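>>> Could you work out the structure for the sequence below:
(4 chains)
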2 protein chains.
Amino acid sequence: MAETNGTGPATPEGPAASDGEATADGSATPDGQAAPAGPAAPDPPARARRRDAQRNQRSLLDAAAAVFVTSGVDAPVRDIAARAGVGIGTIYRHFPTRADLVVAVYRHQIDACAEAGPVLLAAGPTAHAALGRWVDLFADFLVTKHGLAAAMQGDAPGFEALHASFLERLLPVCADLLDAATAAGEIQAGVDAYQLMRGVGNLCAGAESDPRYDARRLVAVLVAGLAVPH
Amino acid sequence: MAETNGTGPATPEGPAASDGEATADGSATPDGQAAPAGPAAPDPPARARRRDAQRNQRSLLDAAAAVFVTSGVDAPVRDIAARAGVGIGTIYRHFPTRADLVVAVYRHQIDACAEAGPVLLAAGPTAHAALGRWVDLFADFLVTKHGLAAAMQGDAPGFEALHASFLERLLPVCADLLDAATAAGEIQAGVDAYQLMRGVGNLCAGAESDPRYDARRLVAVLVAGLAVPH
DNA sequence: TTGCAAAGCGGAACACGGTTCCGTATCGTC
DNA sequence: GACGATACGGAACCGTGTTCCGCTTTGCAA
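Okay, the predicted model is just below:
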């Protein structure tokens, strides 16, 4: 299994399986019902989620994480359900679209990536350098997840959601880095954060299965191309 | 490359239908039996292809071209067969894989793109500029074909072939441009023609369905990133 | 503890698209 | 016109996504 060894760099983060967090906090529920996280919920009528439901959701996340590693994010729904020991209906009830499942599985990694933005910006010698490093982080994340990058391009309505979820969290971070670099006069305007992230995502598609293709290098070239032609 | 229009939709280049070339020459036969290209075929016994077979192949190409425009290169096989007025079996007989069909449909456009390489190199002020312009041409080709770029990434074995066919024709052209620019000291080495084409292809994926994303601009940025940091 | 309704579950059934296979029709030749 | 080779058509099969509904489990309350 653990076939994340590409040409060298081995994934620094064990697949989300073992550390069972993900939806440990109730807020991860895919259907937007998570809202009342505050202790003072104004509407106590609704019963709490049933134990078995919570248990199943957890099982599904673990199973999905494992299956994604071996079969990519396009793995058959049935495979995931089987590994989780639940029925097909259950997976659809908890995660109406595949995007919901993918987002839930990788949520903590996305968060980590988002949090790294400001840190890199503060640490880097220049904003452009920080942007480069952050983009590398993002690219690593995408490349090491089989088919994730490819999945983010599809026209399929389900993946629109995936796209949106990723962007919602990471776009502001990327925008800050981009703005900082622009403000410092290090890069020329003309490419916004959305396009940059989309471009990076695209460059990473299919990278894991082609030894002749080094997505990270091309991503670096892309970022270099943003620099002002001094 | 007829359709280098910008965002304006409408395919200005009558799908390969009208100019009936494509497989007009026997060499286009999809099944790799073309190997012994040498003019001295040692076995004249085989009968010539039947008329109806030729006719059907032509119909399929026309139908595929039309369907690709409206439904993308992922259009259901049945749709293409139906439009061509033939059975499912026939399409598989003529084009064993989808890649064969796609390549056949776009062959003349690929050729045009390949031929433009040397011309641009001779005309451009610099090799780097010529490379940039040629890459634009390639990107236009990909972007205007629904899903073509995306199809070139898939792991599916069929698309491997597609990839290979495109590359076989265009890679040398791209390599020449790249070499010229490198020789002129205009760009830094480190990205070979294969990676560049793959990267451009990736950047173009899904571009047609997202107004916020301008693949051509990012491609330009990528090419700019190749320049030596003077 | 037991009863009961809500919540959740499982998986059969359906939809859809790719692919194969073989009986039949068509073509080209003798 | 007859005959063999060639090609055709589409039924059938498989794998996958998605829906739907009868049955089970859970948690509360009597």
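
>>> Dump stretch A:176-193 to CSV, restricted to CA.
C-alpha atoms of stretch A:176-193 as CSV (Å, rounded to 0.1, in the frame of the first residue of the first chain):
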residue,chain,number,x,y,z
ASP,A,176,-3.1,37.5,0.9
LEU,A,177,0.2,36.1,-0.3
LEU,A,178,-0.5,37.4,-3.8
ASP,A,179,-1.4,40.8,-2.6
ALA,A,180,1.6,41.1,-0.4
ALA,A,181,3.9,40.2,-3.3
THR,A,182,2.1,42.6,-5.6
ALA,A,183,2.3,45.4,-3.0
ALA,A,184,6.0,44.8,-2.7
GLY,A,185,6.3,45.2,-6.4
GLU,A,186,7.7,41.7,-6.8
ILE,A,187,5.1,40.4,-9.2
GLN,A,188,3.0,41.9,-11.9
ALA,A,189,-0.7,42.0,-11.5
GLY,A,190,-2.9,40.2,-13.9
VAL,A,191,-3.3,36.8,-12.4
ASP,A,192,-5.7,36.7,-9.4
ALA,A,193,-5.6,34.1,-6.6
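
>>> That stretch and chain B, any residue contact?
Yes - applying CB under 8 Å from any CB of the partner chain, one finds stretch A:176-193 touching chain B at A:190-191. The C-beta positions use only the backbone N, C-alpha and C, and glycine is treated the same way.

>>> Okay, buried residues for that stretch please.
Within stretch A:176-193, the residues that count as buried by 16 or more other CB atoms under 10 Å in any protein chain shown are A:176-178, A:180-182, A:186-187, A:191-193.

>>> Restricted to helices, list those.
A:176-178, A:180-182, A:193 (DSSP state H).

>>> which bits of chain A sit near DNA strand C?
Proximity of chain A to DNA strand C is confined to A:46-47, A:49-50, A:52-53, A:56, A:85-90, A:92-94 under the rule CB under 7 Å from any atom of the strand.

>>> quick revisit: adding pLDDT, write the buried residues of stretch A:176-193 out as CSV.
Converted to CSV, the buried residues of stretch A:176-193 look like this (pLDDT from 0 to 100):
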residue, pLDDT
A:176, 95
A:177, 95
A:178, 95
A:180, 95
A:181, 95
A:182, 95
A:186, 93
A:187, 92
A:191, 93
A:192, 93
A:193, 94
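
>>> Residue nearest the middle of chain A, spatially speaking?
residue A:110 (4.7 Å; CA atoms, centre = their mean).

>>> any idea how far residue A:75 is from that one?
Distance, residue A:110 to residue A:75, by CB to CB, to the nearest Å: 20 Å.

>>> Check whether residue A:149 really touches residue A:202, as I assumed.
Yes - counting by CB atoms under 8 Å, residue A:149 does reach residue A:202; the two are 7.2 Å apart.

>>> Common neighbours of those two, please.
Common contact partners of residue A:149 and residue A:202 (CB atoms under 8 Å, 6 or more residues apart in numbering or on different chains): none.

>>> of the two, who's got more company?
Using other CB atoms under 10 Å in any protein chain shown, the more surrounded residue of residue A:149 and residue A:202 is residue A:202, with 31 against 26.

>>> and that one, helix, strand or coil?
Following DSSP: H, G, I helix; E, B strand; the rest coil, residue A:202 is assigned to helix.

>>> Give the full set of residues in contact with it.
Shown in contact with residue A:202 (CB under 8 Å, 6+ apart): A:149, A:153, B:202-206.

>>> separation between the nearest residue to residue A:184 once chain neighbours are set aside and residue A:188?
Nearest residue to residue A:184, sequence neighbours excluded (CB to CB, 6 or more residues apart in numbering or on different chains): residue A:127, at 5.0 Å. Going from residue A:127 to residue A:188 by CB to CB gives 13 Å.
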